[in-house]
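**Q** just the structure for this:
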Amino acid sequence: MEPSIYKAPGPFVLETGHTLPELRIAYHTYGKPNAAHDNVVWVCHALTANSDVADWWPHTVEAGCFLDPARHFVVCANILGSHYGTTGPLHVNPETGSPYYKDFPPFTIRDIVRAHRLLAGALGIGRIDTLVGSSVGGFQAIEWAVLEPERIGKLILIATAAKASPWTIAIDQTQRMAIEADTTFGEPRDDAGMAGLAAARALGLLTYRGSLGYNLTQQDREELPAVHRASTYQQYQGEKLCRRYNAYSYYAILNAFDTHDTGRGRGGVAAALARIEARTAVVGITTDIIFTPAEMRELHGMIAGSTYHEIDSPFGHDGFLVEHGQLNDILYPFMNNQ
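**A** Predicted coordinates:
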């Protein structure tokens, strides 16, 4: 399903002081607003996903699931800088007549949220019944719930954080180093930096899955294989991303993710989270090494009245994409006030 496109009426000024002369936002919707317009569910997506939630989050936008389009009006906007329709590095800069590529201006998580708010206004959406964010989508959801506490009824935070930690920044920096090591990165063409992007993705996957997930799924099937199964898996995953993404967007978004600090200018993280009025569910994953269960419980402890839940999965951070049954058991009753 192709996304709808919203074109902002004027320039979009970024928190970094730069300006996008034009902003277009790609988005998908599922279901319809009810008569009271109180069934809006906004999903914030992560890293290389897109606005088509049904495509990247299996068994969620279905009857009887927590994003059931018969019950909810589900909205998801593609994030700023992405490869999937919203203004990003491969779009033409109207001031130069050429694509931005490496010159795409730096932006922040708050800029992504401001773009979401712009689209919500254009769609006539006032109050959001439930705001859902997993991973870096959770960065956006936390920022939005702090920025407009009265607008969000319920908040769901899955495998995420209120501030980018040194550990997550180090993961991102290691991936940037892989991209920078590709000598084609920086050249003015869509496919520049692809070898670096493949390496960056392979590095990232180590943190998404962790040792338990790899050891469970990538064991060699022969006693002395010519090529190890784990090796071909890494190569395949790097090449797979290169077929659908670009190095400039990946690099720019990693930079934006590292800016995440809900407490910036608000007296610190705890003071910022104290602003949240939404009824909140925090969901951790037992084997997540990016946002550990201990960190998720700490986040829960800083959001007044929140509940904490945990998905039991061997698949690490990616557990939120894999364990849809457990996730639905947690979120369906929460969203439907059961």
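
**Q** please enumerate the strands of the stretch 201-338 of the chain.
**A** 279-285, 307-311 (DSSP state E, counting those that start in this stretch).

**Q** state the mean pLDDT of the longest one.
**A** When pLDDT is averaged over strand 279-285, the result is 98.

**Q** neighbours of the residue lying closest to D103 once chain neighbours are set aside, how many?
**A** Sequence neighbours aside, N93 is the residue nearest to D103 in space, at 7.4 Å (criterion: CB to CB, 6 or more residues apart in numbering). Every C-beta, even on glycine, is put in place using the N, C-alpha and C of the backbone. Neighbours of N93 under the rule other CB atoms under 10 Å: 18.

**Q** likewise V227?
**A** Quick note: V227 (other CB under 10 Å) scores 10 neighbours.

**Q** just to revisit the earlier point, now for the strands of the stretch 201-338 of the chain, which one comes closest to Y233?
**A** strand 279-285 (20.7 Å; CB to CB).

**Q** what about G97, neighbour count?
**A** 7.

**Q** and the gap between the residue nearest to D103 and L197?
**A** Distance, N93 to L197, using CB to CB, to the nearest Å: 22 Å.

**Q** same check, this time on R110
**A** 26 Å.

**Q** looking at these two, which is more packed in?
**A** L197 (27 against 23).

**Q** can you give the contact residues for the helix or strand containing the more buried one?
**A** Using DSSP states H and E, the element containing L197 is helix 194-217. Here helix 194-217 makes contact (CB atoms under 8 Å, 6 or more residues apart in numbering) with 171, 174-176, 178-182, 184-185, 230, 234-235, 237-242, 245-247, 250, 287-290, 314-318.

**Q** phi, psi for the residue nearest the centre of the chain please.
**A** Closest residue to the average C-alpha location of the chain: A46 at 1.4 Å, with CA atoms, centre = their mean. Backbone torsions for A46, taken as degrees, to the nearest 10, come to phi -100, psi -180.

**Q** ok, now G85?
**A** Taking degrees, to the nearest 10 as the convention, G85 sits at phi 120, psi -40.

**Q** what about it, neighbour count?
**A** 20.

**Q** and the strand or helix carrying I25, what does it pack onto?
**A** Using DSSP H and E, I25 maps to strand 24-30. Judged by 3 or more CB pairs under 8 Å, 6 or more residues apart in numbering; DSSP states H and E, strand 24-30 is in contact with strand 4-7, helix 53-56, strand 73-77, helix 109-122.

**Q** now the last one: buried residues?
**A** Along helix 109-122, these residues count as buried under the neighbour rule (16 or more other CB atoms under 10 Å): I109, R110, D111, I112, V113, R114, A115, H116, R117, L118, L119, A120.

**Q** could you give the angle of that helix to strand 24-30?
**A** 60 degrees (axes from the mean of the first three to the mean of the last three CA atoms, to 10 degrees).

**Q** and the strands in the stretch 51-200 of the chain, which stretches?
**A** Going by DSSP E, counting those that start in this stretch, the stretch 51-200 of the chain shows strands at 73-77, 92-93, 98-99, 128-134, 152-158.
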